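Undergrad: Next comes the sequence, and after it the predicted model I'd like to discuss.
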Amino acid sequence: MARIEVEKIVKRYSDVEGVGGARSARPALDTVSLDIADGETIAIVGSSGCGKSTLLKIVAGLEQPDEGVVRFDGEDVTAVRPQARGVGMVFQDYALYPSMKGKGNLAYYFQVHGRTEEEARARAQETADRMGIGFEQLLDQSTDTLSGGQQQRVAIARCIVREPRLFLMDEPICNLDAKLRESTRVEIRKLLRKFGISTLYVTHDQQEAVFMGDRIAVMRGGRIEQIGTFDELYYSPANLFVATFIGSPPMTVLPAIASGGLLTVAGAEWPAPVPVPDGPVRIGIRPESWFTGRGDGALMTVSHIERIPTERAAFVHGQVDGVPVVVAAPLNQPDTAELRIMPDMGRVYVFAADGEQCLHTPGPLDLF
């Protein structure tokens, strides 16, 4: 276990060709800083190509940064070889030795480092005992006979047996089907809490990031846009990108003109939630922050209604002036072609026109 500090990391790849043959001078990582507390799990989430995996490689020592420092417990390890950092890595490819059974995969590290066969078996058995109910039966099975979830458990145990200071997990369950992904996600989270190993967990799935991370780092274009708990990101986003990335269904964003304390949106005038300088802005409304059936509201053209019985709710999908809108409604919301909607102005977010600054956040909902 360790405290991990990533300070102002910059990584550039020269002559990298992008989509359509275009070349970009933008760094793969642009002044990235991150601090992981001892035993904390930070989930890194972002779209493909944002720098998530590059950051993991630099922390592991597989890549060298052009600028910046990586520290483990205050020690500069930027130039330390990967095998000397005490890092355990788990990928979407389980990378198990197919010729070995589960126990052999756990014991192999000690065998190649000159430990006795008895010691290797003992360490493998000790780790198996700590992995919990059901793991023991995997030890004597060939890895190619195991399910994807079982193979991932063996891959994690193979890391744990080495007693790493840090776990690095890069999309570890994305190869699994939806049902198995959910159960494996729960299993991994239980193991991380049980062993208390500091962890960087990379995913493109925001729901997975919310479930796995004590905190979440949202990345875009080689930068960390914001890091915090789910509540901090959801209720107090730093900018429009974070606001629309976190939350499902996503926030609705509408262009507006601020003038004299009013916001003109799709032909309707609504009172601004806070004083806003006159001019163009963008407003954000979460699905749960709409009123329906208001005569003075904007006219929404409904495309379909998504009903979710487990949440006793429905989501009405449609458009206002060509802009996609999602509105939370009761489960028994009747089918309709049009709907008048009005935001709860006390729950409206206001962003600068370019989306790079949040001018107003309403804060957490008061549920009680």
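TA: Received the coordinates, thanks.

Undergrad: the longest strand in this protein is where?
TA: When secondary structure is assigned using DSSP state E, the longest strand within the chain turns out to be strand 298-308.

Undergrad: quick one: strands adjacent to that one?
TA: strand 313-320 (antiparallel), strand 338-343 (antiparallel) (DSSP bridges).

Undergrad: Which residues belonging to it are considered buried?
TA: By neighbour count with 16 or more other C-beta atoms under 10 Å, strand 298-308 contains the buried residues 298, 300, 302, 305. Every C-beta, even on glycine, is put in place using the N, C-alpha and C of the backbone.

Undergrad: For it, output the C-alpha coordinates as CSV.
TA: Once side chains and other backbone atoms are set aside, the C-alpha atoms of strand 298-308 remain, and they are given as CSV (Å, rounded to 0.1, in the frame of the first residue of the first chain):
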residue,chain,number,x,y,z
ALA,A,298,-41.3,25.4,-23.7
LEU,A,299,-42.9,23.0,-26.2
MET,A,300,-41.1,19.6,-26.3
THR,A,301,-41.6,17.3,-29.3
VAL,A,302,-41.7,13.8,-27.8
SER,A,303,-39.8,11.0,-29.6
HIS,A,304,-40.3,8.1,-27.1
ILE,A,305,-40.8,7.3,-23.4
GLU,A,306,-38.4,5.1,-21.6
ARG,A,307,-40.1,3.3,-18.6
ILE,A,308,-37.9,1.9,-15.8
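
Undergrad: any residues touching it, and which ones?
TA: 265-268, 314-321, 325, 327, 329, 331, 333, 335-342 (C-beta atoms under 8 Å, 6 or more residues apart in numbering).

Undergrad: Residue 356 sits in which helix or strand?
TA: Taking DSSP states H and E as the criterion, residue 356 maps to no regular element, lying outside all helices and strands.

Undergrad: shouldn't residue 318 be in contact with residue 339?
TA: Yes - under the criterion of C-beta atoms under 8 Å, residue 318 makes contact with residue 339 at 7.1 Å.

Undergrad: how much space between residue 260 and residue 275?
TA: With distances taken as C-beta to C-beta, to the nearest Å, residue 260 is found 10 Å from residue 275.

Undergrad: Could you do residue 106 as well?
TA: Counting by C-beta to C-beta, the separation of residue 106 from residue 275 is 62 Å.

Undergrad: okay, those two: which has more neighbours?
TA: The neighbour count for residue 106 versus residue 275, taken as other C-beta atoms under 10 Å, is higher for residue 106 (28 against 9).

Undergrad: Skip the chain neighbours and tell me the closest residue to that one.
TA: Residue nearest to residue 106 in three dimensions, not counting chain neighbours: residue 124, with 3.8 Å by C-beta to C-beta, 6 or more residues apart in numbering.

Undergrad: State the number of residues packed around the one you found.
TA: Taking other C-beta under 10 Å as the criterion, the count of residues near residue 124 is 23.

Undergrad: ok, back up a step: what's the closest of the buried residues of strand 298-308 to residue 148?
TA: Distances from residue 148 to those, taken as C-beta to C-beta, are shortest for residue 305 (34.7 Å).

Undergrad: residues of the helix or strand hosting residue 242 that come out buried?
TA: Residue 242 belongs to helix 240-245 when elements are defined using DSSP H and E. Within helix 240-245, the residues scored as buried using 16+ other C-beta under 10 Å are 240-245.

Undergrad: could I get the residues you listed as CSV with pLDDT and distance to residue 41?
TA: Compiled in CSV, the buried residues of helix 240-245 are given as follows (pLDDT from 0 to 100; distance: C-beta to C-beta, whole Å):
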residue, pLDDT, distance to residue 41
240, 97, 27
241, 97, 23
242, 97, 20
243, 96, 23
244, 94, 24
245, 94, 19
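
Undergrad: would you list the residues you listed in JSON lines and tack on distance to residue 29?
TA: Conversion of those to JSON lines gives the following (distance: C-beta to C-beta, whole Å):
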{"residue": "240", "distance to residue 29": "22"}
{"residue": "241", "distance to residue 29": "17"}
{"residue": "242", "distance to residue 29": "18"}
{"residue": "243", "distance to residue 29": "23"}
{"residue": "244", "distance to residue 29": "23"}
{"residue": "245", "distance to residue 29": "19"}
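
Undergrad: Domains of the protein: list them as residue ranges, please.
TA: 4-15+24-241, 249-360 (the TED database).

Undergrad: among these, which is the most enclosed?
TA: When you average the neighbours per residue for each of the domains of the chain (mean count of other C-beta atoms under 10 Å), domain 4-15+24-241 leads with a mean of 18.

Undergrad: Figure out the length between the terminal residues of that domain.
TA: Using C-alpha to C-alpha, to the nearest Å, the span of domain 4-15+24-241 from its first residue to its last is 27 Å.

Undergrad: how about the helices in the stretch 1-150 of the chain?
TA: 52-60, 102-112, 117-130, 148-160 (DSSP state H, counting those that start in this stretch).

Undergrad: Of the ones you listed, which is nearest residue 249?
TA: Of all those, it is helix 52-60 that lies closest to residue 249, at 23.5 Å by C-beta to C-beta.

Undergrad: still on that earlier bit, list residues touching both of residue 318 and residue 339?
TA: Overlap between the neighbourhoods of residue 318 and residue 339 consists of 300, 302, 327, taking contacts as C-beta under 8 Å, 6+ apart.

Undergrad: Throw those residues into a markdown table and include pLDDT, thanks.
TA: Converted to a markdown table, these look like this (pLDDT from 0 to 100):
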| residue | pLDDT |
| --- | --- |
| 300 | 90 |
| 302 | 94 |
| 327 | 94 |
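
Undergrad: Closest one of these to residue 138?
TA: The nearest one, if we look at the shared contacts of residue 318 and residue 339 relative to residue 138 and count by C-beta to C-beta, is residue 327, at 47.1 Å.

Undergrad: In CSV, list the C-alpha atoms belonging to the strand or helix carrying that closest one.
TA: In this structure, residue 327 sits in strand 323-330 according to DSSP H and E. Output in CSV follows, covering the C-alpha atoms of strand 323-330 (Å, rounded to 0.1, in the frame of the first residue of the first chain):
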residue,chain,number,x,y,z
VAL,A,323,-32.0,20.3,-28.9
PRO,A,324,-32.3,16.8,-27.3
VAL,A,325,-34.1,16.9,-24.0
VAL,A,326,-34.7,14.2,-21.3
VAL,A,327,-37.4,14.8,-18.7
ALA,A,328,-38.0,12.5,-15.7
ALA,A,329,-41.7,11.7,-15.2
PRO,A,330,-44.0,9.3,-13.3
